[in-house]
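Student: Turn this into a structure:
(2 chains)
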Amino acid sequence: MTARSPEGAALERTIRLDSATVRLGDTLALDDVTVAIDASRVAVVGANGSGKSTFARLLAGLVSPTSGSVRVHGLDPTRQAAQLRKLVSMVFSNPDAQIIMPTVAEDAAFSLRSERLPHAESAERVAEALDRFGLTELADRAAHDLSGGQKQLLALCGAFIRRPQLVIADEPTAYLDARNARRVAEHLFEDAGHRLVLLTHDLRLAERCDLAVLFDAGRIAAVGAPSDVIAEYEASLRW
Amino acid sequence: MVTLYRPGDGWMHRAPAGPKATVLLAVVLAVSFLPSTWWAAGVAAAVAVLGYLICGLGLRELGRQVLAVRWVIVITLGGQLIFLDAEPAVANTARVLAAILLAGMLVLTTRVAALLDAFERGLRPFERLGVDAQRIALLLAVTINTVPVLARLATGVREAQRARGARAGIVGFVVPFLVVSLKHADDLGDALTARGVR
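Tutor: Modelled structure (predicted):
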């Protein structure tokens, strides 16, 4: 899989942080992190407050590094934010905060507004995406009246409808029951030509990735095969 | 709480949002300028009833909308009856009610996305004066959609307080409600950015 810019030019597909530090007020959220990631499916694990979400937000351009540099597919998320957002979609853990429009179909279509597509093409993309995520029957329903699982599927629909090259998912199954968590995971892992950075506390999901990164106190404690990194993480949890 | 839009395929639903909004605005203005007389009250009520019947929403929907604004009716009518005779008080209330109901026809028959596009198109000529049409239209959509979210957050705060044995009070409610609302605004900002909004 070769990453391409929206104009079609081939991009470097590495996620690269070089001495990246993020300070949020008095908190050192990321502390001098250096890493280069090429894998297609990357699990990010670690305790609450370990820096996982800040790492994800840094990749999505939602926060800027206080010092150091970040490159996502060759782009600087701060300086080339507009280009990056055409390549990257992010899914958050709380599905309620991701609903922008009143109905399911309108919310899915909202993600395409910035692309200014012809109406017919936009409608076709929406119908295709709703079908893919099993939301066609709910197209006219009020998005806020959906169940938690349906809302998260809608959030995924809103993310995938943009045909992103990189999907960053920040604990996307955290609020879901087992059945819905499985459905969401299957969509994230299906081969749709996207690259996945998955922040999760579900270590079985982390094991399905090609690479795992363990965060601890704002630093990367381990990078490697998921089984090795998970073993190290579990060892650190023993009292 | 649900979206205001009622799915349908009548002519009012199919009409383009921009011209529909313009025509409804003209009718609302016409009703607003009726005199304060008994016959004007009848005309205002008749226009609203006819509007709901002609556009296919029906009397049931009209009843639902009247019920939703019952406190507006009570306050408007009650307030005026203190200072005015029955005729102008009833006529004024009927005009206000008809205007609200007619304006409601726009959101009941138009998807927010279509309204968003119409507002954006309508505001585009003002872009030369520095008006950001896209941002204003988005603000409108987000505002409409945030109402049910705030209602849910308020319920959550009240339930959390009850679960912890706290007594109901405005001060005890406002502070946590503000905190969760601001947190939601933060999250929504991130979601908008992540979905390609500048």
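Student: For the rest of this, base every contact and every neighbour count on C-alpha atoms.
Tutor: OK.
Student: which is the next helix or strand following the one helix or strand in chain A whose mean pLDDT sits lowest?
Tutor: Within chain A, confidence by mean pLDDT, DSSP states H and E is lowest for helix A:81-87 among all helices and strands, at a mean of 87. Under the assignment DSSP states H and E, the closest C-terminal helix or strand after helix A:81-87 is strand A:88-91.
Student: Heading C-terminal from that next one, find the next helix or strand.
Tutor: Stepping forward along the backbone from strand A:88-91, the first helix or strand reached (DSSP H and E) is helix A:104-110.
Student: Distance from the chain centre to that next one, please.
Tutor: A distance of 19 Å separates the C-alpha centroid of helix A:104-110 from that of its chain, computed with CA atoms, centre = their mean, to the nearest Å.
Student: Put the alpha carbons of it into PDB.
Tutor: Coordinates of each C-alpha in helix A:104-110 appear next as PDB, following Å, rounded to 0.1, in the frame of the first residue of the first chain:
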ATOM      1  CA  VAL A 104     -27.900   9.500  10.300                       C
ATOM      2  CA  ALA A 105     -27.700  10.200   6.500                       C
ATOM      3  CA  GLU A 106     -27.000  13.900   7.100                       C
ATOM      4  CA  ASP A 107     -24.300  13.200   9.600                       C
ATOM      5  CA  ALA A 108     -22.500  10.700   7.200                       C
ATOM      6  CA  ALA A 109     -22.800  13.300   4.400                       C
ATOM      7  CA  PHE A 110     -21.300  16.000   6.600                       C
END
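Student: Now name the helix or strand holding the spatially most central residue of chain B.
Tutor: Geometric centre of chain B, nearest residue: B:Gly104, 6.6 Å, by CA atoms, centre = their mean. B:Gly104 belongs to helix B:86-109 when assigned by DSSP H and E.
Student: try B:Leu178
Tutor: Going by DSSP H and E, B:Leu178 is in helix B:170-194.
Student: Could you pick out the residues of chain A near chain B for me?
Tutor: Taking CA under 8 Å from any CA of the partner chain as the contact definition, chain A meets chain B at A:60, A:62, A:82, A:85-86, A:88-90, A:92, A:96-98, A:100-103, A:106, A:110-111, A:114, A:140, A:142, A:144-145, A:158-159.
Student: Restricted to buried residues, select the residues you listed in PyMOL.
Tutor: Buried members of the residues of chain A next to chain B can be picked out in PyMOL with the line below, counting by 16 or more other CA atoms under 10 Å in any protein chain shown:
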select buried, chain A and resi 60+62+85+86+88+89+90+92+96+97+98+100+101+102+103+106+110+111+140+142+144+145+158+159
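Student: pLDDT on the lengthiest helix in chain B, on average?
Tutor: Ranked by residue count, the top helix of chain B under DSSP state H comes out as helix B:133-163. Helix B:133-163 comes out with an average pLDDT of 82.
Student: any weak-confidence spans in chain A?
Tutor: A:1-11, A:239 (pLDDT under 70).
Student: got the contact list for the residue nearest the centre of chain A?
Tutor: Centrality entry for chain A: nearest residue to the mean C-alpha point is A:Ile168, 1.3 Å, by CA atoms, centre = their mean. Applying CA atoms under 8 Å, 6 or more residues apart in numbering or on different chains, we find A:Ile168 in contact with A:Ala56, A:Ala60, A:Val88, A:Ser89, A:Met90, A:Val91, A:Leu196, A:Val197, A:Leu198, A:Leu199.
Student: what about the strands in chain A?
Tutor: Using DSSP state E, the strands found in chain A span residues A:15-24, A:27-37, A:41-46, A:67-72, A:88-91, A:166-170, A:195-199, A:211-216, A:219-224.
Student: Near chain A, which residues of chain B are found?
Tutor: By CA under 8 Å from any CA, the part of chain B that sits against chain A consists of B:1-3, B:7, B:112-113, B:141-142, B:144-145, B:148-149, B:184, B:187-188, B:190-198.
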